[in-house]
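Undergrad: kindly generate the corresponding structure for this input.
(2 chains)
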Amino acid sequence: DVKVTQSSRYLVKRTGEKVFLECVQDMDHENMFWYRQDPGLGLRLIYFSYDVKMKEKGDIPEGYSVSREKKERFSLILESASTNQTSMYLCASSASDRGPYQPQHFGDGTRLSIL
Amino acid sequence: EDKVVQSPLSLVVHEGDTVTLNCSYEVTNFRSLLWYKQEKKAPTFLFMLTSSGIEKKSGRLSSILDKKELFSILNITATQTGDSAIYLCAAVDAGNNRKLIWGLGTSLAVNP
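TA: Numbers count the residues shown, from 1 in each chain, chains lettered A, B, ... in the order given. The predicted structure is shown next:
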């Protein structure tokens, strides 16, 4: 079974702090994704990565950056946290795009509160 | 603009009822449709549908795609309290299949 592990289930940080959310997958997947999920807005893609050191902006990248130094790990960085970044953050991974489409598999999420 | 619309947004049923969840899509370069179940935490993958008219089944859950009318349904028969969850559908864009187009989800509550 695919295992996507997010480092924290709950996190509380203060406005202006630099926040790191970590995600590790154990299935040698090429693609990794960061979403945020808010009531009434659904899942929105922040950034994704299709290879080590490669990244692409999703639909709402402002205020975020990412890092993928190793294939299994994808980090989301909030450069200067703000209260409107309080949300549930979900990491996902999927196998290569070559061949049949492979669905994304999700971690358990990090519920981040910015005070 | 591509979009996916799910209905109803929420639903409350009694154990043993049968439910049908709807997902309609407008995606220029449609490839496939995915269904996920989300309880308290991670969305878990249920089905992927690519061809019209072919039913996918897993236990009491089944799903089918209609590419002419641009929708999919997810059926749950003999519902149980453990079926309470948010059900999400997402469309895969053949032009950029790394970016899914997500619906807002249907929140299902099954009461004993």
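Undergrad: quick check: the closest residue to residue B:55 other than its chain neighbours vs chain A, distance?
TA: Once flanking residues are discounted, residue B:55 sits nearest to residue B:64: 4.8 Å by C-beta to C-beta, 6 or more residues apart in numbering or on different chains. (Glycine included, C-beta is placed from N, CA and C.) Using C-beta to the nearest C-beta, to the nearest Å, residue B:64 is found at 18 Å from chain A.
Undergrad: next SSE downstream of the strand or helix carrying residue B:22?
TA: Taking DSSP states H and E as the criterion, residue B:22 maps to strand B:19-26. Note on strand B:19-26: by DSSP H and E, the next helix or strand toward the C-terminus is strand B:30-38.
Undergrad: identify the bridge partners of residue 66.
TA: The chain I'm using is chain A. Counting by DSSP bridges, residue A:66 forms beta bridges with residue A:76.
Undergrad: chain B, not that one
TA: Beta-bridge partners of residue B:66, as defined by DSSP bridges: residue B:71.
Undergrad: which residues does it contact?
TA: Residues in contact with residue B:66 (C-beta atoms under 8 Å, 6 or more residues apart in numbering or on different chains) are B:52, B:53, B:72.
Undergrad: again with residue A:87
TA: Counting by C-beta under 8 Å, 6+ apart, residue A:87 has contacts A:36, A:37, A:38, A:111, A:112.
Undergrad: buried ones from those, can you make that a ChimeraX selection?
TA: Applied in ChimeraX, the following selects the buried portion of the contacts of residue A:87 according to 16 or more other C-beta atoms under 10 Å in any protein chain shown:
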select /A:36,37,111,112
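Undergrad: out of the contacts of residue A:87, which are inside helices?
TA: Nothing among the contacts of residue A:87 maps onto helices, per DSSP state H.
Undergrad: give the buried residues for the longest strand along chain A.
TA: Determined from DSSP state E, the single longest strand within chain A is strand A:42-51. For strand A:42-51, the neighbour count (16+ other C-beta under 10 Å) marks A:42, A:43, A:45, A:46, A:47, A:48, A:49, A:50 as buried.
Undergrad: farthest-separated two in those?
TA: Greatest spacing in the buried residues of strand A:42-51, by C-beta to C-beta: A:42 and A:50 (22.8 Å).
Undergrad: burial measure for the residue nearest to residue B:55, as a count.
TA: Residue B:64: 18 surrounding residues under other C-beta atoms under 10 Å in any protein chain shown.
Undergrad: where's it relative to residue B:20, distance?
TA: 11 Å (C-beta to C-beta, to the nearest Å).
Undergrad: overlap in contacts of the two?
TA: Common contact partners of residue B:64 and residue B:20 (C-beta under 8 Å, 6+ apart): residue B:73.
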